[in-house]
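**Student:** Everything below, folded, please.
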Amino acid sequence: MPTLKHLGIILDGNRRWARAQNKPTFFGHQRGFSNLKKIASHAYSRDINILTVYAFSTENWNRSQEELSYLFKLFKILVTKEVDALHKKGVKLNIFGNISAFDKELQRGINQAIAKTKNNKKGTLNVCLNYGGREEIIMAVKKIIKNKVKPDKINQKLISKYLYSKDLPDPDMIIRTSGEQRLSGFLTWQGVYSELYFSKKHWPEFTNQDLDLAIKDFNKRQRRFGGN
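**Tutor:** Next comes the predicted model:
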C-alpha cells in the first residue's frame, strides 16, 4: 500500500459555490477559508504530515479590486490570528509564492508567522499565495545563474533545492475540487509523479468524508514512477 505523507489541494470553486447559494463572492471565500481549517485538521489526524494548498495564483490578480481586498483580508487573518492555533498544534506554516507583490503589512505578517512556527514538527502547512509553477521554476533558474553554478553541476536534485519546497518531499497526491481536471500551474516541478484526484464538489462543500474517500482511492493505487 502506498504511503500518503504529502497532500496537495487546489482549493477550487469558492465563487461558483457562492453563486449557487445566491450569495456574494466573498461568502464563498469565507466558507472556503473555514473549510481549510477543518480539512487540514482532519488530514493531520490521518497521518498526512504535509499539506500544500493553492489559495491564490499569479493569474488571480485579474479579479475585481473588491474581491482582492477581501482575499487579502483573509490572508492577513491567517498569518496574524489563525497562526496562533497552528502554533499551538505544532504545525509549521510556509508561504510559497512571490510575497513582494503584497502590501507591507501582509508581507510583515507572513514573515512573522513563518518565523514563529519554523521549529514546529507535528505538521506542515504550505499555503501558495501569488504562486505559479512556471514562475517558481524561473525564479529557481535565476538564483542558480546568480550563484554562478557550473552547468555540469545542474541536475534535478539541485534545482529542487532552489524551489519554495526545497526541504520537503514531493506531493504523493494532488486533489482538485470543483470538477476541473487540470493542475493550472500548481507544483509544476514537484507534481510530476503525484497521483491525481478530481472531486466534483466545490471546495466549501468538500468534507472530511470526501477526503477519506480520496485517501481510500490513493491506497488502492500502485505507484510506478516509470520504473515498471
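**Student:** Quick one: distance of the helix or strand where His87 lies to the chain centre.
**Tutor:** Taking DSSP states H and E as the definition, one finds His87 inside helix 83-88. Relative to its chain's centre, helix 83-88 lies at 18 Å (CA atoms, centre = their mean, to the nearest Å).
**Student:** Check what contacts that helix and list those residues.
**Tutor:** Contacts of helix 83-88 with the rest of the structure, by CB atoms under 8 Å, 6 or more residues apart in numbering, involve 37, 93, 113, 116-117, 120, 125. Where you see a C-beta, it was placed from the backbone N, CA and C, and this is true even at glycine.
**Student:** Please identify which of the residues you listed is nearest to Arg15.
**Tutor:** For those, the closest approach to Arg15 (CB to CB) belongs to Lys37, at 19.5 Å.
**Student:** For the closest one, which non-adjacent residue is closest in space?
**Tutor:** Leaving aside its chain neighbours, Lys37 sits nearest to Glu82 (7.0 Å; criterion: CB to CB, 6 or more residues apart in numbering).
**Student:** And for the one you found, the neighbour number?
**Tutor:** Each residue near Glu82 was counted by other CB atoms under 10 Å, and the total is 18.
**Student:** what does Lys143 give?
**Tutor:** For Lys143, the neighbour count with other CB under 10 Å is 14.
**Student:** Name all residues that make contact with it.
**Tutor:** Neighbouring residues of Lys143 by CB under 8 Å, 6+ apart: Tyr162.
**Student:** mind checking the SS state of it?
**Tutor:** On the three-state scheme (DSSP: H, G, I helix; E, B strand; the rest coil), Lys143 is labelled helix.
**Student:** And the pLDDT at it?
**Tutor:** Per-residue confidence (pLDDT) for Lys143: 97.
**Student:** So the most centrally placed residue in the chain, which state does it fall into?
**Tutor:** Nearest to the geometric centre of the chain sits Val53, at 2.0 Å (CA atoms, centre = their mean). Three-state assignment for Val53 (three-state DSSP): strand.
**Student:** now do the one 3 residues further on
**Tutor:** Applying three-state DSSP to Phe56 yields a three-state assignment of strand.
**Student:** where exactly do the strands run in this structure?
**Tutor:** Under the criterion DSSP state E, the chain contains strands at 6-10, 50-57, 91-96, 123-131, 173-176, 195-198.
**Student:** Which elements pack onto the last one?
**Tutor:** In this structure, strand 195-198 packs against strand 173-176, helix 208-220, with contacts taken as 3 or more CB pairs under 8 Å, 6 or more residues apart in numbering; DSSP states H and E.
**Student:** Tell me how far the longest helix seen in the chain lies from the chain's centre.
**Tutor:** Longest helix in the chain by number of residues (criterion: DSSP state H): helix 25-45. In terms of CA atoms, centre = their mean, the centre of helix 25-45 is set 13 Å apart from its chain centre.
**Student:** Reformat the strands of the chain into TSV and put mean pLDDT next to each item.
**Tutor:** Output for those, formatted as TSV (pLDDT from 0 to 100):
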stretch	mean pLDDT
strand 6-10	98
strand 50-57	98
strand 91-96	98
strand 123-131	98
strand 173-176	98
strand 195-198	98
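**Student:** which one is Val53 nearest to, not counting chain neighbours?
**Tutor:** Closest residue to Val53 apart from its sequence neighbours, by CB to CB, 6+ apart: Ile9 at 4.9 Å.
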